[in-house]
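Enquirer: Below: sequence and its predicted model.
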Amino acid sequence: MMEARHLRSKLARVAVFALYAVLLPLPLVTANYYLVRAGGSIGIFLMLALGLSITAGHAGMLDLGYVGYYAIGAYVYALLASPHTGLHVAFIPAALAAMAASCVAALAVTLPSLRLHGDYLAMVTLGFGQIVRILLNNLDRPINITNGPNGIVAIDPPRVLGLTLFSLESSYVLIWVLAGLVAVTVGLLARSRTGRALNALREDATAASCMGVNVRRYRVIAALIAAAIAGLAGATFASWQGAVFPQNFTMSETISLYCMMILGGTRSIPGIMLGVLLLHALPEVLREFSVYRMLIYGFVLVLLAIFRPQGLFPQGEPLISPRALAAAGKERNRREAEEAPAVAGVAVPAAACRAAAPAAAPAPASTPALELSGLTCSFGGVVAASDVSLTVGRGEILGIIGPNGAGKTTLFNLITGLVPPDSGEVKLWGKPVVGLPPHAIAELGVARTFQNIRLYDTQSVLENVLAGCHMHRGDLVARARHALRTICPELAARENEPVRNLSYPDKRRVEMARALATGASLLLLDEPAAGMNPDEVASLARDIRRLRSQGHTVVVIEHHMDLIASACDRAVVLDHGEVIATGTPAEVAANPVVISAYLGKGAPSSPAPLPSFTLKTAPSGQASPASATSPASQTAASADAHAHAHSGSAGPVLLSMEDVHASYGPVEVLRGVSLQVKKGEVVALLGANAAGKSTVMKTIMGRLRPSSGRIEFRGARIDGLRTSAIVRMGLGIVPEGRRVFGDMTVQENLELAAVAAAGRAGAAERVASAMELFPVLAERRWQHAATLSGGEQQMLAIARAMVASPELILMDEPSMGLAPIMVDRVMETVAMINQAGTSVLLVEQNAVAALAVAHRGYVLRDGVVAAAGTAAELAEGAGLAEAYLA
Amino acid sequence: MEQLLGQVPQQIVNGLTLGSVYALLALGYSMVYGVLKMLNFAHGSVFMVGSFAGWWVLSRLAASAPGIAPSVAIAATVAAGIAATSVLGAAIERFAYRPLRSGSRLAPLISALGVSIVLDNAAMLLTSGRAKSYPSEMVLAQNWSATIAGASISATRAMMLAASVVVMVVLDLIVFRTDFGRALRATSHDQEAAEYMGVNTSKVVAGTFIIGSGLAGLAGVMIGLYYTQVDFMMGFSAGLKAFTAAVLGGIGSFRGAVYGGLILGLAESIGVLLAPPVYKDAIVFSVLILTLILRPSGILGRPTRTRA
């Protein structure tokens, strides 16, 4: 099927070129004056559209003032080649001067605006375009530069290499020669290293900078190339029309260009060629309707935006030239014939290894690869890193673990320069790097993967890995393929598949290959094992060890303790931004401070001792938990039934989920979750990070539609309903991270929720009783919510849910980011509102605190319920610890 | 120089008058940006439609009922302008923006651009490209004026200032004291959390669009009465100026939009004293560019630092 699609698009490309090949000589052959005029105009617009595609298409910079560069080019040429200044310069030097002038203007606009993007950049460029037009119209006083609205006329016929092109036909040929040059240039650019860099920064500027792309420099380069092309088009236009007027360079031209570009597919050369042809030819054909031309363009834009924003040729230009691919293919065949079959785990021969050699680091061998000292960083009051110090020696494999929100990814962001620390030092091979931009740090030999996966979904596996090769020259395709083979040979066979079709673990592997392709010797892997089953985790551990034997240093953030145990030499534990333990994985897992950080601090009154357990060091032989009939979930289901039988005082079922499946895109996150909450209960939903707890909440609240299964509240189906409608049925939520409305006062937050969720009637009374329940809020009622402390905000968030008098409240991680004493307060509050008659479904990482207040609980693992029972059963059983630390 | 200084009070009055119109337009822009995080490129065109709607009603009245009481005439004109734009705004939101809510960031911008092109060109075709005149004498005594500190305030200017002040006070009351206003502020702050509180954010967005467009309609009628000439191109430059004012004051901030509008009006009027009038618009655009480059969060906006 892939092949058929490729073939179709290849045919379409050829068809467009063929169409042009037929149409281009037509005006000359028929000697039809009108056709020649139209054809020349199409050629100039084609140049402009191709130029614009570099900024707006490839680099993703919305330039609404592009016509300004076109105007500058045209006028500079007109001034040099007309009686206006009497200089009568030949075509080539005048055109070069025009291009230079446009480039200078582009620098003046782009350099100051580098920080801006999207809407704001669009406005700056729009303003620039307008200013140019105003200047053109008015710079005839006091000195006559542009001749105002009368324009510059009587421009010389172009003089190329001594030959004066008097006839219209010869100018027509000149235009199309230049248009052809521009098309070839843009095509070569797309396939070049620069083109791939632009592609990377358009898709994901953050990831691009971490792979060594100097985002600012490339944006300027894109603007300069586009402006130069516009300047050339302007010069050509001036010589073609013989005169230039301010009204040739209005917003209408910009709009037409965007229409043509978007219709064709902003990055595809044949697409743009087709777009220009259609949108120029059609109005000509329907000449009686030419007065409606702009109106039609407007409708076309709206329809395109709604139905097909990617245009006719969405796939754009290939990022790799066929020649490079062919050369790499031959090289691969040769090498494969030479070397012994590459078996996973066997050291790769030196010749092939060259492509992935670590960047040469001149520091002496004893210098640690990475040193952090006293690193501190906070965002808006939340401390993400607090005096973190650690050292990673060369060739070491270090694991970083810790509960959700502990600051692990922040550490990677600090190291790679995405976030500046408030204080502290980061040294890479002895060199201090704080303050360097991310691309400069990448050049020192660091590469990373991202927790949320930052790949280019619509592009192929190979193109994605190629993005990591930016810092190298030479045979990049071979380099990329080698990186792929090193991580996962099966993936190397699928190099042309679009990444969005891959499974979650395969996507993570592609990201790792991309990081490897940068040639970095220090690899930072952020949750590489997410979504993997135990066999895959074991294989990943082997791969990481092999990377070390090839000379890499690896730091891994992970929640899968078996990966940490089998791959890492040492582990560091973070909690609330602080390092709380270091040591071998076994030492760290047995450390009671670590255990309590994960499972939560025991409530003072809890008599149950903290569970002790051993780490599994070898992957278990269990079947993956993906199947709904796995032993784990059957046990869970029967334990659940048992627990229900013993919940005594609980009433009828308020909320039920039956075999719910839910996915984010192609990745299935909930794989058949079933649970119940009865009236009067507090039910805890536990599990490690990425187990699916938040997804359960989102699905119940209507933020995510389940792909199958039922969710019912008070007997009525709620899956598929709008969130606000679900809330008004009596289901309240205290969202993760509290999400209070900081600009509004405490009083306003409560009033909003009281009225929106349960109507005006009785709202004032409900707000008053909420204030009674939480006296601290009454004290602060006129303060803006943003000024409250974390604990107070949590109280406000709970009060906000309470103020609608819901029957059931969902609480998503209420203890996150709170000091232990506040955690106790929160749990006391949960117990209190439950006693007052509200049922609670409590999602918590802090299992001990949650189980102390809950009647029953469920433990989620990998998207299914792995354990269920009464709170006491869960607290004592081994299933809980396994779910977190196995 | 003295002559120049003598003109300052008049230009201040002019600037405040013009600025109040910009403020109304900027408010519409800011409100929509606040809830949708999207720049409504079509806003200026909606303003133009409002102006023409008012002209249509007023010129019909002038033809068929020339003796009509000014207060009735003005009420009818203003109502027409606001009604036309409110309906138009609701339709645009429903058909050109709502389907694009979940897609890429670029698609709504392109759609907005398309809508503004359609509106501008439809107006051009319907008016044959010719400007229309507001028969302002129907509504306002043409030779009444008050004089303060050497500046004369005509009936039109007085009306515009008064109307703007009233509208802004009412809007402030709505936004800060009503349930809808609270829902609007919550949706602007955090749309998902607002849904969690039971706010139907789709309705809030539609309502915001209607109010913002209504404000544009009112501004359109006021400009028509002030300049008496309205043409199909007026939306484009008005839209840019409104955006400039909104960004200057801090986009998303209500009070910022008002300050931004007034400052811009003053800058434009006083700038005319210092530079040739033809460069009036160029001054405005330069203000825009400088603001975006030097302080993108505007006067009242807060520069935010976000997690990577």
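Expert: The structure has been received and is ready for your questions.
Enquirer: can you pull out the strands in the stretch 201-308 of chain B?
Expert: B:229-230 (DSSP state E, counting those that start in this stretch).
Enquirer: Quick one: residues contacting A:N248.
Expert: By C-beta atoms under 8 Å, 6 or more residues apart in numbering or on different chains, the contact set of A:N248 is A:71, A:74, A:237, A:241. No exception for glycine: its C-beta is placed from N, CA and C like everyone else's.
Enquirer: Following the chain onward from the host helix or strand of the first one, which element is next?
Expert: Under the criterion of DSSP states H and E, A:A71 resides in helix A:66-80. Tracing the chain past helix A:66-80, the next element assigned as helix or strand by DSSP H and E is helix A:91-110.
Enquirer: Touching that next one from outside, list them.
Expert: Contacts for helix A:91-110 (C-beta under 8 Å, 6+ apart): A:65, A:68-70, A:72-74, A:76-77, A:80-81, A:89, A:124-125, A:128, A:132, A:158-161, A:174, A:219-220, A:223-224, A:226-228, A:230-232, A:234-236, A:238-239.
Enquirer: could you redo the last one with a cut-off of 6 Å?
Expert: With contact meaning C-beta atoms under 6 Å, 6 or more residues apart in numbering or on different chains, helix A:91-110 is reached by A:69, A:72-73, A:76-77, A:80-81, A:128, A:158-160, A:220, A:223-224, A:227-228, A:230-232, A:234-235.
Enquirer: filter those residues by proximity to chain B?
Expert: Counting by C-beta under 6 Å from any C-beta of the partner chain, nothing from these sits close to chain B.
Enquirer: Could you turn the buried ones of those into a PyMOL selection?
Expert: To isolate the buried ones among the contacts of helix A:91-110 in PyMOL, judged by 16 or more other C-beta atoms under 10 Å in any protein chain shown, type:
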select buried, chain A and resi 69+72+73+76+77+80+81+128+158+159+160+220+223+224+227+228+230+231+232+234+235
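Enquirer: tell me the pLDDT at A:A538?
Expert: pLDDT, A:A538: 87.
Enquirer: check contacts around residue 215.
Expert: As the question left the chain open, I've gone with chain A. Contacts of A:V215 (C-beta under 6 Å, 6+ apart): A:201, A:205, A:209.
Enquirer: that's the other chain; I wanted chain B
Expert: Here B:L215 is in contact with B:24, B:27-28 (C-beta under 6 Å, 6+ apart).
Enquirer: what's the closest non-adjacent residue to it?
Expert: Leaving aside its chain neighbours, B:L215 sits nearest to B:G28 (4.5 Å; criterion: C-beta to C-beta, 6 or more residues apart in numbering or on different chains).
Enquirer: Pull the number of nearby residues for that neighbour.
Expert: 29 (other C-beta atoms under 10 Å in any protein chain shown).
Enquirer: Now A:E578. Its backbone dihedrals?
Expert: phi -110, psi 150 (degrees, to the nearest 10).
Enquirer: Look up which helix or strand the nearest residue to it once chain neighbours are set aside falls in, please.
Expert: Excluding the flanking residues, the one nearest A:E578 by C-beta to C-beta, 6+ apart is A:S386, at 4.8 Å. In the assignment (DSSP H and E), A:S386 maps to strand A:382-392.
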